[in-house]
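Student: Pasting the sequence and the predicted model now:
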Amino acid sequence: MIKDSLNLIRLNMKITTTLLLFLITTTLAFSQKQETIDSDRPGKSISPHTVGKNVLQIQTGFDYTSNFNPTIVILRNSYNVFGNETNVRFGLLDILEINGTIGYRSYNIYYEDNKRKVDNQYGAENLRIGTRVKLLDHDGLTPAIAASAQLLLPFTTNVYYMSGNGFEGTISIKQPITKEWAVTGNIGIYDDPMFVALFYPYTLNSSYSFTNEIFAFVEIFGLLNHGIAINYDGGIGYYLNNDFLLDISGGQIPNNELIYNNNNIDWYLNAGVTFRFGGDK
């Protein structure tokens, strides 16, 4: 009886090891530097592709957000925000990268009449380091899948406060529907030491390539904590060449009234670039 159990355990271990080796070998075989640069910009969704071994990729953009409070429910100052976020990615292997992020924000705050400026706050924000690993590459009905993890570092400025180490993990899945049309989805978990609850962000992105150089996307995103709160955006991208991407996007971000109990509406506009160096030619 014991001998049969040991044999069964050994068989299960062999099967598990074989499946893991098959998965790793398959991933390595199909993973390489993308012919055309693949970016997390524009939009909120992150790509299931890594940048490729020895590739340095920089994604950066500037945004403007305008908030006007109609004071229907509560009195609150309005504001506008100018900002930048830069993400640097480097491929250690074809399927593994490391990355880092830093942002900057400048808030201009106004009285309810939206005319008299009362304050200006500015500073760096969103300091992160992380990694991304490609689990599967697209092959027929098999979608491209990647897992990413980022550590939110303790950081304090006039516009940002991270009291301790935070964490965000994301699973990204992309499935081409046709040669021109693809759908990308993200689901994640977000832990900020300032809050006692975990947050579960999601995105659903639909993109369409009109030519080899031009594509457009529409997207919904939000948190699953309080039902599926839907925010939305859209935009276009233009490839100058295989290593350089220009993009512009914008959207309306209505606050969930069940959470904030007000009618604030945020509008944003974002424009940026992605470019890369190195890797196999």
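Tutor: Arrived safely, thanks for sending.
Student: Give me the most central residue, this protein.
Tutor: Ile46 (3.7 Å; Cα atoms, centre = their mean).
Student: before we move on, could you check phi and psi at that residue?
Tutor: phi -100, psi 150 (degrees, to the nearest 10).
Student: Restricting to C-alpha, output the helix or strand harbouring Ile173 in PDB.
Tutor: Per DSSP states H and E: Ile173 is located in strand 166-176. The C-alpha coordinates for strand 166-176 follow below in PDB (Å, rounded to 0.1, in the frame of the first residue of the first chain):
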ATOM      1  CA  GLY A 166       2.300  49.100  -1.000                       C
ATOM      2  CA  PHE A 167       1.700  46.500  -3.600                       C
ATOM      3  CA  GLU A 168      -0.100  46.100  -7.000                       C
ATOM      4  CA  GLY A 169      -0.300  42.800  -8.900                       C
ATOM      5  CA  THR A 170      -1.900  42.400 -12.300                       C
ATOM      6  CA  ILE A 171      -2.800  39.700 -14.700                       C
ATOM      7  CA  SER A 172      -3.000  40.900 -18.300                       C
ATOM      8  CA  ILE A 173      -4.600  39.000 -21.200                       C
ATOM      9  CA  LYS A 174      -4.800  39.900 -24.800                       C
ATOM     10  CA  GLN A 175      -6.700  38.100 -27.500                       C
ATOM     11  CA  PRO A 176      -6.700  39.100 -31.200                       C
END
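Student: The residue nearest to the centre of the chain and Thr170 touch, don't they?
Tutor: Yes. When contacts are counted by Cβ atoms under 8 Å, Ile46 is listed as touching Thr170 (6.1 Å). C-beta coordinates here come from the backbone N, C-alpha and C atoms, glycine included.
Student: can you list residues touching both of those two?
Tutor: Here Ile46 and Thr170 share the contacting residues 148, 186, scored by Cβ atoms under 8 Å, 6 or more residues apart in numbering.
Student: can you give me the strands in the stretch 101-250 of the chain?
Tutor: 117-136, 144-152, 155-156, 161-162, 166-176, 181-191, 201-209, 214-223, 231-241, 244-254 (DSSP state E, counting those that start in this stretch).
Student: quick one: which of those strands has the weakest pLDDT on average?
Tutor: When the strands of the stretch 101-250 of the chain are ranked by mean pLDDT, strand 161-162 comes last with a mean of 82.
Student: Which residues are in contact with the residue lying closest to Tyr208 once chain neighbours are set aside?
Tutor: In this structure, Tyr208 finds its nearest non-sequential neighbour in Trp181, 5.1 Å apart by Cβ to Cβ, 6 or more residues apart in numbering. Each residue near Trp181 by Cβ under 8 Å, 6+ apart is listed here: 206-209.
Student: Please pick the buried ones from these.
Tutor: Neighbour-count burial (16 or more other Cβ atoms under 10 Å) applied to those gives 206-207, 209.
Student: Can I get these in TSV including distance to Ala144?
Tutor: Below are the buried ones among the contacts of Trp181 laid out as TSV (distance: Cβ to Cβ, whole Å):
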residue	distance to Ala144
Ser206	15
Ser207	13
Ser209	16
